[in-house]
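Peer 1: what's the 3D shape of this:
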Amino acid sequence: MLPPLQILCVGCAAVIIAAKAFWMQPGDIRTSHIAASSMDYIQSGVAEHVRVAISKAFQDIHRLYNTSGSGAALLEVVLSNQMSHATNSLPESVL
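Peer 2: This next block holds a predicted model:
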């Protein structure tokens, strides 16, 4: 995977992990929520789904990542993987 696409993967991961951590207890974000969300993101296979989705979405794009089409593709990747990631449960000890 090209370095710019790796960066997009990291950005998507940050958004998905943060969204789940914030969703756990809105208004009360703790380090343990972010840590648990990060572990779940990796262990659940969402990280691999995101990597594959970004590779597919940008397979024909080699330089211009700041277009409206690229933004829409990233939004679709994040939202579709956020929805599946958000439905995974976390241990009660984190909440």
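
Peer 1: all contacts plus neighbour counts: C-alpha atoms, from now on.
Peer 2: OK.

Peer 1: how near is residue 5 to residue 79?
Peer 2: 18 Å (C-alpha to C-alpha, to the nearest Å).

Peer 1: which of these two has more neighbours?
Peer 2: Higher neighbour count among residue 5 and residue 79: residue 5, with 17 against 14, using other C-alpha atoms under 10 Å.

Peer 1: In PDB, list the C-alpha atoms belonging to stretch 76-85.
Peer 2: The C-alpha atoms that make up stretch 76-85 are tabulated as PDB, following Å, rounded to 0.1, in the frame of the first residue of the first chain:
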ATOM      1  CA  GLU A  76     -18.300   5.900   2.800                       C
ATOM      2  CA  VAL A  77     -15.400   3.800   4.100                       C
ATOM      3  CA  VAL A  78     -15.600   5.400   7.600                       C
ATOM      4  CA  LEU A  79     -19.400   5.300   7.900                       C
ATOM      5  CA  SER A  80     -19.800   1.800   6.700                       C
ATOM      6  CA  ASN A  81     -17.100   0.600   9.000                       C
ATOM      7  CA  GLN A  82     -18.200   2.800  11.900                       C
ATOM      8  CA  MET A  83     -21.600   1.200  11.800                       C
ATOM      9  CA  SER A  84     -20.200  -2.300  12.000                       C
ATOM     10  CA  HIS A  85     -17.600  -1.300  14.600                       C
END
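
Peer 1: What are the buried residues along that stretch?
Peer 2: 77-78, 81-82, 85 (16 or more other C-alpha atoms under 10 Å).

Peer 1: Not counting its own residues, what contacts it?
Peer 2: 12, 15-16, 19-20, 41, 44, 46, 49-50, 53-54 (C-alpha atoms under 8 Å, 6 or more residues apart in numbering).

Peer 1: And for residue 73, the neighbour number?
Peer 2: Around residue 73 sit 17 other residues, with neighbours defined as other C-alpha under 10 Å.

Peer 1: element containing it, please.
Peer 2: helix 68-87 (DSSP states H and E).

Peer 1: What is the longest helix along the chain packed up against?
Peer 2: Across the chain, the longest stretch assigned as helix under DSSP state H is helix 3-24. The helices and strands touching helix 3-24, judged by 3 or more C-alpha pairs under 8 Å, 6 or more residues apart in numbering; DSSP states H and E, are helix 31-43, helix 46-57, helix 68-87.
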